[in-house]
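Here is a sequence with its predicted model. Questions after.
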Amino acid sequence: MEVVVPFSTDRPKSRLSGVLSPDERSAFSRAMLRDVLDAVAAAGGEPRVLATDAVDLERPVTVDDRPLTTAVNAALDARLGESPGDSGPVAVVMADLALATPAALRGLFEGGRDADVAVAPGRGGGTNAFVADDPAFRVDYHGASYLDHRQIAADAGLSVAVVDSHRLATDVDEPADLAELLIHAEADGDGGGGGESRAAQWLREAGFALDTADGRVGVERE
Ligand SMILES: Nc1nc2c(ncn2[C@@H]2O[C@H](COP(=O)(O)OP(=O)(O)OP(=O)(O)O)[C@@H](O)[C@H]2O)c(=O)[nH]1
Ligand SMILES: C[C@H](OP(=O)(O)O)C(=O)O
């Protein structure tokens, strides 16, 4: 299955600007991207990065500097144009799903067999990943896009399956999400038996650690 992985190369992860410098946000984003690409490939997907600018990777990359929704819809359109009527399912998986494992992604891909569209919602109402088995499906990201995507599917007469996955629901947007990454890296590595993820290793080497001092969980930096 083709799996499109959108990736913003310019000013990535601005919501982490309070804890990471621009260069650090860039490096950390790339670590998460590489983890996601490896997990997609290990789950049997064929990842293609959809990036706003050139990015040095040993995976296929398409550059499209238009806004996220426009670029993803253009990627869906282009697929349709290549093999009309028989393009097969396509998945879109965000590059900031730092907890994604091959098993979690296989669950997403299998969810696509039960419905025209299988969606893995993000905490906060985003759309962290989906599989569409129908070429009519189009995206509208930002805001409560999970609800919007359900409506888009309903309007097109498409059935929707919800992929209930803690790992796919966790996109790394804000400093609190770094704690989530460290907690699960410590508990079970990458969850797929392949050792610590690049993103968790990057955080540790940058001096981040869990902070439970006041009874709540957060991160601290040396
Ligand atoms: N191709 C493409 N990918 C994008 C774009 N904006 C965000 N992304 C990617 O889409 C996914 C979700 O991004 P967001 O969390 O909404 O945005 P972000 O830029 O990563 O972070 P913030 O600046 O904090 O909003 C991530 O994989 C981003 O790299 C865009 O304009 N084009
Ligand atoms: C792209 C956007 O991501 P978020 O801003 O929710 O992380 C969404 O899922 O609609």
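Yep, that arrived. Ligands and ions are numbered 1, 2, ... in the order given.

tell me which element the closest residue to residue 99 other than its chain neighbours falls in.
The shortest distance from residue 99 to any residue other than its chain neighbours is 4.2 Å, reached at residue 167 (C-beta to C-beta, 6 or more residues apart in numbering). Bear in mind the C-beta positions are built from the backbone N, C-alpha and C, glycine included. If you go by DSSP states H and E, residue 167 is part of helix 166-169.

packing partners for the helix or strand just after that helix?
Using DSSP H and E, the helix or strand that follows helix 166-169 in sequence is helix 175-188. Using 3 or more C-beta pairs under 8 Å, 6 or more residues apart in numbering; DSSP states H and E as the contact criterion, the elements in contact with helix 175-188 are helix 198-205, strand 208-211, strand 218-221.

Where does the prediction get shaky in this structure?
Low-confidence segments of the chain (pLDDT under 70): 80-86, 189-194.

Can you tell me which residue is spatially central in it?
residue 94 (2.1 Å; C-alpha atoms, centre = their mean).

hang on, isn't that one packed against residue 8?
No. The criterion here is C-beta atoms under 8 Å, and residue 94 misses it with residue 8 at 10.2 Å.

before we move on, back to that, ok, how many other residues are close to the residue nearest to residue 99?
20 (other C-beta atoms under 10 Å).

Hmm, it is touching residue 102, no?
No. The criterion here is C-beta under 8 Å, and residue 167 misses it with residue 102 at 10.5 Å.
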